[in-house]
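Visitor: Return atomic coordinates for the entry below.
(2 chains)
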There are 2 protein chains.
Amino acid sequence: MNRTSGRLIKAPENFIDRAGVGRVFAEAKEGRRDFLRSAFAAAAGVAAAGSAVAAQPEGDPNILNLPEHSKGLGQPVVTDGYGKPSRYEGNVQRRQSPGLTQTAQASVSFAPLQSLFGIVTPSGLHFERHHQGWWDIDPSKHRLMLNGMVKTPKVFTMDEIMRLPSVSRFHFIECGANTGMEWGNVAVPTCQYTHGMLSCSEFTGVPLITLLEMAGADLKAGRFILAEGADGSSMTRTIPMSLVRSGEVLVAYGQNGEMLRPENGYPLRLVVPGVQGVSWVKYLRRIELGDQPYGTKDETVHYVDLMPDGLHRQYTSIQECKSVVTTPSGGQVLLDKGFYSISGLAWSGRGKVKRVDVSVDGGRNWRTARLQDPVMSKCLTRFNLDWVWDGKPAIIQSRAIDETGYVQPTKPQLRGVRGTRSIYHNNAIQSWLVQESGEVRNVQLS
Amino acid sequence: MNRTSGRLIKAPENFIDRAGVGRVFAEAKEGRRDFLRSAFAAAAGVAAAGSAVAAQPEGDPNILNLPEHSKGLGQPVVTDGYGKPSRYEGNVQRRQSPGLTQTAQASVSFAPLQSLFGIVTPSGLHFERHHQGWWDIDPSKHRLMLNGMVKTPKVFTMDEIMRLPSVSRFHFIECGANTGMEWGNVAVPTCQYTHGMLSCSEFTGVPLITLLEMAGADLKAGRFILAEGADGSSMTRTIPMSLVRSGEVLVAYGQNGEMLRPENGYPLRLVVPGVQGVSWVKYLRRIELGDQPYGTKDETVHYVDLMPDGLHRQYTSIQECKSVVTTPSGGQVLLDKGFYSISGLAWSGRGKVKRVDVSVDGGRNWRTARLQDPVMSKCLTRFNLDWVWDGKPAIIQSRAIDETGYVQPTKPQLRGVRGTRSIYHNNAIQSWLVQESGEVRNVQLS
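Guide: Next comes the predicted model:
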């Protein structure tokens, strides 16, 4: 498990104490970089709360306290034509939850949200969800067909798609099963595993409506499309034309400035902003226009919600407003009382995030967090809030509100409507308990 | 050289002609992906210009024309804890210009702008400029000192910085020497080499003003800071406090969601939005507050502009408004007349881009391009414009205007003020000649 293995030592009073520094970092290096963020709580905490940071020892600070700068030549340019993260960041990885699925080809890897900043997810850390494994398809052989209720069925090559007018947009993608374990009383230890089927990228592609118009689509009678991928899972999904007509749905080849990664559908995937990830069909090979939902296995048997009355709810694909605090979060350790910057992510499948409130007492009192610009529609929004921890147990929560006025529900509220037998579409408020020891863990509030 | 080696075959009339497809892609695979974008000009061009795309052959299109989808299992999740691009994208690399510098440690690698989409530069393709090579510094040993006109000089560890309130912002970074070769009559072949010392990321860090306030900085008398890096180049730069006071200057550790890459200053670099890259000091180890410019070697001998009167202009660090068309651009080949989506990047060190005009006749006529949202301050802005090429020679240019009203100059206008002996700060309009053969090359308009 990618979580902390124990509590770190207390921060030394004087934070330039070399022995203390060395010890903390030796431990941190065995764990994850998150340790670094929580180290030295006392010293910096006091400073940020207004008091003086521990002063330099006497003498010329230029000489006394800085490590020497490098001497000689470093590495040359283009050591890698395609660069990599620092060797010290090797623990920031996407990870599979052991035992969650029977095969690693029909499985999930989670993005390390607790180690990420801002809103862009590095493509190398983007979560994975495969139904039949991933493929690295030769783009010269890949084709996209448009058929069904169109005047002239077409098959496009990648070139033909890439030379058309394109748009680039920032959007989140979240698996419908994200946070699924939390329906019951299973408290998954870290936010990588509770919320890590979530990523955000700048996608580039051609609006699907453009391609449909080129094929002479019957835009009056055509009410749904079927999207099909080229992997072996026969993955097909119905998407309403109302989303397509708006121009939002993209046939995308670009992600964060470069071509899509193989694990994310290279060379072509559907981008369906605000809708659960399964509909963002990877290795996109065919779009069929029809006049009714297709009722395929992946929307009638999977990704449905078993309601308290025993019926399945289908086609509930919009990801409702949701948020999660990523720092501090489960598995992290606060070394001592003092200042912390609470930080997290909020998103809504229905538009922009309007506000995020944060509670440190399990929902009794709420303060409004700062939203980081830019706040974009159907995109992650980063929020931050200053907090001085008094050393007593605290339950940290965030509650997002979107531009439609929808308020992220508590778990009891969500269970009241949906029961406890769902797997998908859990957007309830997450609770992290900061214990007196400083250890943070996932708790289920009844 | 990363450019095309010759002209591709003409597009077949019927773009699902398998022989034609195979031949084009065989050639494209030997070259770069850019080839793919220019392939099949005629067919898709006609379509996008309003006529019908060549129809499918008769028969059931579902059966006839799609490659079979994959059978069996693909690759498992977490094949890489940190993912990589497709094996088909191996030619999309940053590249060093052979012979440009004497050593690869004090050199440059250029970002492949012609292959990028949107505004985010993948960190693995971010341009490099090193003065003494790059380093992968152990973050547990790295320190940042604040001294000079401060009440209490301080040394911060990475932890102490990372637990302070942070902001995340999208900004471009451009080397002051970008497009430097174009001052003379050297027409560098591709936009990777003309403009590729340019990248754009979401940076995360702590406003420098916060750290200065923690050290009790004399914000009245202190008018300049000196920023110093930990590499062996004794790289130091003066930055006016006017930029710092605004809160824009960041002590950054995050880039595109993760920690900075070693080539970009891991674990800490200064982010000075709008200012040339050399001031974004990497491996940042010391900030000194003073009351006058420091006149260091890197601002008195280097990064200065030799004016027509023989004097050096110093401290001209703001990157003025500039733009470049990346598709089509030098080294690419248009296969045939028809529709093309002209696409490029615009930016200004003084704020937002307000408008971008594009000419296809060497500046006689201009049309206003579409700006892609979000348009952010001191950030790259993507522009696009539809164009139908008539097959005759065309000179493609872009001209950006920023929110201050500043208009990107022509080369003759810039030379009229600056002469021809500069190396740095060339923001003139770039001209790409599309020849009748379809080959695109860099031209110098007198």
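
Visitor: going forward, measure contacts and count neighbours with C-alpha atoms only.
Guide: OK.

Visitor: what about the strands in the stretch 201-350 of chain A?
Guide: A:224-229, A:236-240, A:250-255, A:258-259, A:269-271, A:284-290, A:305-306, A:312-313, A:322-327, A:338-347 (DSSP state E, counting those that start in this stretch).

Visitor: Put together a markdown table for those strands, with mean pLDDT and mean neighbour count on each row.
Guide: Compiled in a markdown table, the strands of the stretch 201-350 of chain A are given as follows (pLDDT from 0 to 100; neighbours: other C-alpha atoms under 10 Å in any protein chain shown):
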| stretch | mean pLDDT | mean neighbour count |
| --- | --- | --- |
| strand A:224-229 | 96 | 24 |
| strand A:236-240 | 95 | 23 |
| strand A:250-255 | 98 | 28 |
| strand A:258-259 | 98 | 26 |
| strand A:269-271 | 98 | 27 |
| strand A:284-290 | 97 | 24 |
| strand A:305-306 | 91 | 20 |
| strand A:312-313 | 88 | 14 |
| strand A:322-327 | 98 | 27 |
| strand A:338-347 | 96 | 25 |
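
Visitor: of all those, which lies closest to B:Ala217?
Guide: Nearest to B:Ala217 among the strands of the stretch 201-350 of chain A is strand A:338-347 (21.2 Å), distances taken as C-alpha to C-alpha.

Visitor: remind me which residues of the stretch 1-150 of chain A are low pLDDT?
Guide: Along the stretch 1-150 of chain A, the model assigns pLDDT under 70 to residues A:1-65.

Visitor: does chain B sit close to stretch A:71-89?
Guide: Yes. Using C-alpha under 8 Å from any C-alpha of the partner chain, stretch A:71-89 reaches chain B at A:71-78, A:81-89.

Visitor: Repeat that for stretch A:95-104.
Guide: Yes. Remark: stretch A:95-104 sits within contact range of chain B at A:95-96, A:104, by C-alpha under 8 Å from any C-alpha.

Visitor: Please name the bridge partners of the closest residue to A:Leu380 other than its chain neighbours.
Guide: Of all residues not flanking A:Leu380 in the chain, A:Trp347 sits nearest, at 4.9 Å (C-alpha to C-alpha, 6 or more residues apart in numbering or on different chains). Using DSSP bridges, the beta-bridge partners of A:Trp347 come out as A:Lys322.

Visitor: now the end-to-end length of stretch A:311-326.
Guide: Using C-alpha to C-alpha, to the nearest Å, the end-to-end distance of stretch A:311-326 comes to 35 Å.

Visitor: Can you give the distance of that stretch from its chain's centre?
Guide: Distance of stretch A:311-326 from its chain centroid, counting by C-alpha atoms, centre = their mean, to the nearest Å, is 14 Å.

Visitor: Which elements pack onto the strand or helix carrying A:Phe172?
Guide: Following DSSP states H and E, one finds A:Phe172 within strand A:167-174. Strand A:167-174 sits against strand A:198-207, with contacts defined as 3 or more C-alpha pairs under 8 Å, 6 or more residues apart in numbering or on different chains; DSSP states H and E.

Visitor: before we move on, the earlier item: what strands flank the strand holding A:Phe172, and is each parallel or antiparallel?
Guide: Going by DSSP bridges, the partners of strand A:167-174 are strand A:198-207 (antiparallel).

Visitor: got the angle between the strand it pairs with and strand A:250-255?
Guide: 120 degrees (axes from the mean of the first three to the mean of the last three C-alpha atoms, to 10 degrees).
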